[in-house]
Every structure is written in C-alpha cells, then in structure tokens.
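**Student:** Kindly return the folded structure for what I paste below:
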Amino acid sequence: RDRLRSRGLGDVYKRQSLSYTCQISFQIIMNILYPLLFCYLLLGFSQGTNITAKQAKKQLSDEALLDTVQHRTFRYFWEGAEPNSGLARERIHMDGIYPENDQNIVTSGGSGFGIMAILAGIDRGYVTREEGLKRMERIITFLETADRFHGVCPHWWHGDTGKVKPFGQKDNGGDLVETAFIMQALLTVHQYYVNKDSTRQTPTEKALTERELSLATRIDQLWREVDWNFYRQNGQNVLYWHWSPQYAWEMNFPIHGYNECLIMYILAAASPTHGIPPKVYHEGWAENGAILSPHKVENIELNLRYQDSKAGPLFWAQYSFLGLNPTKLKDKYCSDYFNEMKNLTLANRAYCIRNPKCHKGFGSDCWGLTASYSVNGYAAHAPNEHDDKGVISPTAALSSIVYTPEYSLQVMRHLYEMGEKVFGPYGFYDAFSETDNWYPQRYLAIDQGPIAVMIENYRSGLLWKLFMSHPDIQKGLQKLGFSIEN
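**Tutor:** Numbers count the residues shown, from 1 in each chain. Alright, predicted model coming up:
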C-alpha cells in the first residue's frame, strides 16, 4: 500500500511536471505564432482593402461617377475661389509654386464658366440656396465696381482690388470674347432667379426670393452696359477682340469664324441696348459665306472652316455651347450645329486612336486634344502632327460628353481609375503626358469650368434651358437667322 501510495504520488508529480512543461511550451509557441498571425491577418486585410477600393472604382455606376466628378470640379469654383471677389482664380497649383506671383488673379471668362458650375451646384444641393445666393451677390458686387471698358471686362483682374491685370502689354483693357463668356453665365443666372414665385412661401423664403429678384435686376444692368457696337472699331462690320484706353485698337484682332467666339456674336446681336446689326455677323463672323468649307478630317465630314487648321482644339466645340444649346440649332452656314460639333469631337478622338506619333497611353479610353498646360508651357493642342504634343487634357473629352456620351464616359472612367496621379481635390488636373511621365498637379479655371457645366447639361439640360429661355437671346438668334428644328 505504501509503495502504491508512493507510486501514486510520483505519478501526480510527473503529471504536474508534464503539465507545467506543456504550459511553458505552449506559451513559447504562442509567443512566436501571435506576431506571425497578426502580420498575416494585417497583410490580408490590407490586400483585401486595396482590392475593394479598386473594385469600388470599377463598380461605380455612371451616374455616381458623373456626380463625383461634377461635385469635385465644382469645388474649384466654390472652395478655391478668390475670397474678396468670389470669382475663379485663373489657376490653382497644388504645389504652391506661382512663377508670376498670380495666385490671386481672377479670370473673367473662366469665372463665367465657374458661375454656371456654381449655379448647377446650387440646384443639385452641393450648397444651400442661401449660400449660393450670397456667393452670387458677392460676385455681382465685385463686377459692378471692377474695371470695365465701355461695359466690357478685361481678361484678368486683381481679385483684391478689381483693377485690371494686363494679359499682355497692350492687352490691358476690354476683352470682348472673355466678356461674352461671363455674360453667357450671368444671363443664365438671371433666368434662374427672375422667375421665382414668392406665393406660398415662408417669410424666410420670401426674403430670399426678394434678394434673388434684386440680383436678377442688377445682372440685367450689367448686361445692358456692354457696348458691343463700340468694339466694331468705328462702325466696321466685324467685332474686334480688344480695346485699350492706352493703346486703343493696336492689338488689331478682328474676329472671324469658326472658333470659340460664336457666342460673342450672338450676344452682341441680342443686346437690348447696344445690339449689332445682322450684317456684322454675316460679313464679320461668316465673311459672306467664306466660313463654309466642307472637308474631311480622319475621314469624318466637317462643313465649317476652322481658323488656321482643318479641325481645331476641342474648346472650340464647347465654350460657345455651355449656355447656347446646339441641339437642332441651325443657320444659313450650318445645318446642324450639334452634329458639326459632334463630328469635330469624333475627329479629335479618331486622331488620338490612330496616334500617328505613337504616344504612350493614347487610345479609345484616353483621348482629347485642346488648349491647356503642356510639357513646355501652354499650348493649343489639336488633331494634327504639328499641334499634337503627346499631352492629354481631361477637359477635352469630358466636356464633350453632350456630343459623345459613351466615349467621354469611357475616358472619364479610365482617368478616374488612374487615381491620384490625375485626380485631385478640384477634379482632374489640367493635363498630363504618359510619354513624358509628366503629371503636374495644377488647374486652370477655363478648363475646369466646362467639365462641370457640360456634365450638368448632359444630366439635366439645366443650363441650356435657362440660357435659351432668356427673351433677349431668343430675339438675338432670330435676328441673325438661327432656327431650331422641332
């Protein structure tokens, strides 16, 4: 019994010793395994997150993608605006480098595009009705006191003072083309606010409506003050781009078509106070029919003569038609402006796909040549081997979405999937070149604006509807012989 008891106690001791040894061994093993397991799980989670992010971009619906790009681009003109004027800065460089020290210079034409982008943002609820109205009031207050020349805006202002910033030595006065771009926008805003109905509104809503109607009246006054006839230089039947109080007409730039300036002639004809006679359009812009020049580019038919080229940069298909609706619009020189601008876009795309200079990245999902930043400064990129610098400007294809929705969305999705290399806080950066590995994180107002505006016109037609509803525009189009087929 004693031996059994002794053996039993020994077994107990052995079992305890074995248990203790196992516990130590298990602890050692787990001390090794836990960090390895943690690293494994962390790596797997990280990879899973990356895959999910990539998949999310690919799975984003067209509507969600459009809204993402429009909203992000809207922010250039909302958050990125010059604070005193409320207008668009000419440029925003995310690197903070401004060689000309011009970070607070505002642009008249680019601000026009931005005003339309803001208006669409108000309507979509990106900002409140009151916030939007306050911004518009700030803009109009600035314009009422800023330098103008016979009612015509300069290309640039100092945002803090409203004084002209010369675009060039002799270009220090009125710029009729840039003025047309901002007036196109202001008339669109006018129509948004002028027809507000104050019935069945709360006192707060009525107060807002009264301010909106007051703003529309102030816009109308700015519109009436533009002396389009003065820019005929002593009554000639053509409009001139510039006039300077110091250099008068020395810039000497009569404007003939076709380029981005069609809207200027239409506004000049539509003015209720300084309207040009029809012969200024027919003899000046159309040069008595010389604007007609049927030809093919990339085997695509075009009917208008494009200044200095067979098919110009794509902003020629966009700037005049941010408010002016080209759909079924025609006159004696063009039987279908929408189709002409669509073909101009298709020729640009076809050239990029053919890619005769073998640039890296060019193709069906990456096309679009227009004026923008370039590898060496600034250039008006166009679909020919001389003006093709291997630079893609996102605004070219994206602002063409009203003409080529399927193809433009293809580019938009491709660029969006390229990520932060080309997409920043204010939308897609101005330009890039895969050939030169050149990806500047910089923006220009005149390129950002049309993206947001044309996306809105594609989604709802809002800005087209508003501009085309203005009585003066309807009269101006009729005066020049335009019609819209039913």
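**Student:** Enumerate every residue touching G419.
**Tutor:** If you count contacts by C-beta atoms under 8 Å, 6 or more residues apart in numbering, G419 has none. For every residue, glycine as well, the C-beta is placed using N, CA and C.
**Student:** Next, find the distance separating it from R232.
**Tutor:** 50 Å (C-beta to C-beta, to the nearest Å).
**Student:** what's the answer for N384, then?
**Tutor:** From N384 to R232 the distance is 33 Å (C-beta to C-beta).
**Student:** Looking at the two, which has the bigger crowd around it?
**Tutor:** Shown here are N384 and R232; by other C-beta atoms under 10 Å, R232 has more neighbours (19 against 15).
**Student:** my read: the more buried one touches K279, true?
**Tutor:** No - applying C-beta atoms under 8 Å, one finds R232 not in contact with K279, separated by 10.6 Å.
**Student:** can you pull out the helices in the stretch 201-350 of the chain?
**Tutor:** Residue ranges of the helices in the stretch 201-350 of the chain, as given by DSSP state H, counting those that start in this stretch, are 203-225, 262-270, 278-279, 337-354.
**Student:** Out of the ones you listed, which is the most enclosed?
**Tutor:** helix 262-270 (a mean of 24; mean count of other C-beta atoms under 10 Å).
**Student:** Would you mind pulling the contact partners of that one?
**Tutor:** Counting by C-beta under 8 Å, 6+ apart, residues outside helix 262-270 touching it are 176-177, 179-181, 183-184, 226, 228-229, 231, 239, 255, 274-276, 278, 280-281, 284-285, 319-321, 323-324, 470, 472-473, 475-477, 479-480, 482.
**Student:** buried subset of the residues you listed?
**Tutor:** 176-177, 179-181, 183-184, 226, 228-229, 231, 239, 255, 274-276, 280-281, 284-285, 319-321, 323-324, 470, 472-473, 476-477, 479-480, 482 (16 or more other C-beta atoms under 10 Å).
**Student:** mind listing which of the residues you listed are in strands?
**Tutor:** Among the buried ones among the contacts of helix 262-270, no member falls in strands (DSSP state E).
**Student:** And I455, how close does it get to F428?
**Tutor:** I455 is 12 Å from F428, by C-beta to C-beta.
**Student:** State the number of residues packed around the nearest residue in space to R138 that is not next to it in sequence.
**Tutor:** Leaving out its chain neighbours, the residue that sits closest to R138 by C-beta to C-beta, 6 or more residues apart in numbering is G86, at 3.9 Å. When counting by other C-beta under 10 Å, one arrives at 25 neighbours for G86.
**Student:** Does G86 belong to a helix, a strand or coil?
**Tutor:** Counting by DSSP: H, G, I helix; E, B strand; the rest coil, the backbone at G86 sits in coil.
**Student:** Cross-check the contact I'm expecting between it and L143.
**Tutor:** No - shown here, G86 and L143 do not form a contact pair, counting by C-beta under 8 Å, at 9.8 Å.
**Student:** any idea how far F167 lies from W156?
**Tutor:** With C-beta to C-beta as the criterion, F167 and W156 are 6 Å apart.
**Student:** Counting neighbours, go ahead and name the busier of those two.
**Tutor:** W156 (23 against 19).
**Student:** A146 versus the closest residue to that one other than its chain neighbours, what's the distance?
**Tutor:** Leaving aside its chain neighbours, W156 sits nearest to K165 (4.0 Å; criterion: C-beta to C-beta, 6+ apart). Distance, K165 to A146, using C-beta to C-beta: 11 Å.
**Student:** Now do the shared contacts for these two.
**Tutor:** Common neighbours of K165 and A146 (C-beta under 8 Å, 6+ apart) are W157.
**Student:** hang on, the earlier thing: now do the same contact list for the residue nearest to R138.
**Tutor:** 135-136, 138-139, 142.
**Student:** now F423
**Tutor:** 72, 415-416, 429.
**Student:** And these, which is closest to G361?
**Tutor:** Checking those against G361 with C-beta to C-beta, the nearest one is L415 at 10.6 Å.
**Student:** dump the residue contacts of the closest one.
**Tutor:** 366, 394, 422-423, 428 are the contacts of L415 under C-beta under 8 Å, 6+ apart.
**Student:** any common contacting residues for I455 and F428?
**Tutor:** 69, 73, 398.
**Student:** Which of those residues sits closest to E131?
**Tutor:** T73 (17.8 Å).
**Student:** Give me the nearest residue to that closest one, chain neighbours excluded.
**Tutor:** G427 (3.6 Å).
**Student:** Neighbours of the one you found, how many?
**Tutor:** 25.
**Student:** That one and V411, how far apart?
**Tutor:** 14 Å.
**Student:** shared neighbours, those two?
**Tutor:** By C-beta under 8 Å, 6+ apart, no residue touches both G427 and V411.
**Student:** ok so, going back, can you pick the most crowded of the contacts of L415?
**Tutor:** P394 (27 neighbours).
**Student:** Just read off the phi/psi values of that residue.
**Tutor:** With angles defined as degrees, to the nearest 10, P394 sits at phi -50, psi -30.
**Student:** Now do the same contact list for it.
**Tutor:** P394 neighbours (C-beta under 8 Å, 6+ apart): 368, 411, 415, 422, 428-431, 447, 451.
**Student:** SS state for the closest residue to N172 other than its chain neighbours?
**Tutor:** Nearest in space to N172, with sequence neighbours left out and distances taken as C-beta to C-beta, 6+ apart, is P166 at 3.8 Å. Using three-state DSSP, the structure places P166 in coil.
**Student:** Tell me how many other residues crowd P166.
**Tutor:** P166 has 14 nearby residues by other C-beta under 10 Å.
**Student:** Show the model's pLDDT score for it.
**Tutor:** In this model, P166 is scored at 97, pLDDT.
**Student:** how much space between it and H155?
**Tutor:** Relative to H155, and taking C-beta to C-beta, P166 is found at 8 Å.
**Student:** Could I get the phi/psi values of the spatially closest residue to D331 that is not a sequence neighbour?
**Tutor:** Nearest residue to D331, sequence neighbours excluded (C-beta to C-beta, 6+ apart): F482, at 4.7 Å. Dihedral pair for F482: phi -80, psi 150, per degrees, to the nearest 10.
**Student:** go on, F167?
**Tutor:** Reported as degrees, to the nearest 10, the phi and psi values for F167 are phi -80, psi -20.
**Student:** Hmm, P154 and it touching each other?
**Tutor:** Yes - shown here, F167 and P154 form a contact pair, counting by C-beta under 8 Å, at 7.3 Å.
**Student:** between those two, what contacts are shared?
**Tutor:** The contact lists of F167 and P154 share D175, where a contact means C-beta under 8 Å, 6+ apart.
**Student:** just to revisit the earlier point, residue contacts, the residue nearest to W156?
**Tutor:** Taking C-beta under 8 Å, 6+ apart, one finds 102, 105, 154, 156-158 in contact with K165.
**Student:** Narrow these to those that are buried.
**Tutor:** 105, 154, 156-158.
**Student:** what about stretch 422-439, how long is it end to end?
**Tutor:** This stretch, stretch 422-439, spans 7 Å end to end (C-alpha to C-alpha, to the nearest Å).
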